[in-house]
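Visitor: sequence and predicted model, in that order:
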Amino acid sequence: MAEADAPELERARRLISEAARLDYVWENVSRLREALRPLRGAARRALEEASAPGAPEAERKLSALLLHDLFPPWPKE
């Protein structure tokens, strides 16, 4: 990952962490999705890190949901 992407990665990590502390309601998930969408590669890396074993449970669940929503393992139609 290029150094220029580091600020975007940190921003994505912060957004995920902050959202995981909020009530788990669809409105908050939707806001996070829209905030992460323009960060692309940095968002994907931050979501992968936050959904990995050992990450806080709230971040893991939220990140796993958004990882498959924003970056599905299958082609979007």
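Guide: Sure, I can see it.

Visitor: rest of the way, CA atoms for contacts and neighbours
Guide: Fine.

Visitor: what's the lowest-mean-pLDDT helix or strand in the chain packed up against?
Guide: Lowest by mean pLDDT, DSSP states H and E among the helices and strands of the chain is helix 26-36, with a mean of 84. Under the contact definition 3 or more C-alpha pairs under 8 Å, 6 or more residues apart in numbering; DSSP states H and E, helix 26-36 sits against helix 6-21, helix 57-70.

Visitor: output it as CSV - backbone C-alpha positions only.
Guide: C-alpha atoms of helix 26-36 as CSV (Å, rounded to 0.1, in the frame of the first residue of the first chain):
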residue,chain,number,x,y,z
TRP,A,26,-29.4,0.3,10.0
GLU,A,27,-29.1,4.1,9.8
ASN,A,28,-25.7,4.0,11.4
VAL,A,29,-24.6,1.1,9.1
SER,A,30,-25.8,3.0,6.1
ARG,A,31,-23.9,6.1,7.1
LEU,A,32,-20.7,4.1,7.6
ARG,A,33,-21.2,2.4,4.2
GLU,A,34,-21.5,5.8,2.4
ALA,A,35,-18.5,7.2,4.3
LEU,A,36,-16.3,4.2,3.4
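
Visitor: where in this protein is pLDDT low?
Guide: In the predicted model, the chain carries pLDDT under 70 at residues 1-4, 23-25, 76-77.

Visitor: residue nearest the centroid of it?
Guide: residue 47 (3.7 Å; C-alpha atoms, centre = their mean).

Visitor: list the buried residues of the strand or helix carrying that residue.
Guide: Element membership of residue 47 [criterion: DSSP states H and E] is helix 40-50. Buried positions in helix 40-50, judged by neighbour count with 16 or more other C-alpha atoms under 10 Å: 41-47, 49-50.

Visitor: of all the helices and strands packed on helix 26-36, which one is nearest residue 35?
Guide: Nearest of those to residue 35, taken as C-alpha to C-alpha: helix 6-21 at 7.8 Å.

Visitor: send me that closest one as CSV with only the CA atoms.
Guide: Extracted in CSV, the C-alpha atoms of helix 6-21 (Å, rounded to 0.1, in the frame of the first residue of the first chain):
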residue,chain,number,x,y,z
ALA,A,6,-2.1,5.8,4.8
PRO,A,7,-4.4,8.8,5.7
GLU,A,8,-7.4,7.1,4.0
LEU,A,9,-6.6,3.8,5.8
GLU,A,10,-6.5,5.6,9.2
ARG,A,11,-9.7,7.4,8.4
ALA,A,12,-11.4,4.1,7.4
ARG,A,13,-10.2,2.5,10.6
ARG,A,14,-11.5,5.4,12.7
LEU,A,15,-14.9,5.4,11.0
ILE,A,16,-15.3,1.6,11.6
SER,A,17,-14.3,1.9,15.3
GLU,A,18,-16.6,4.9,15.9
ALA,A,19,-19.5,3.2,14.2
ALA,A,20,-19.1,0.0,16.2
ARG,A,21,-19.6,2.0,19.4
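
Visitor: before I go, just wanted to say thanks for your time.
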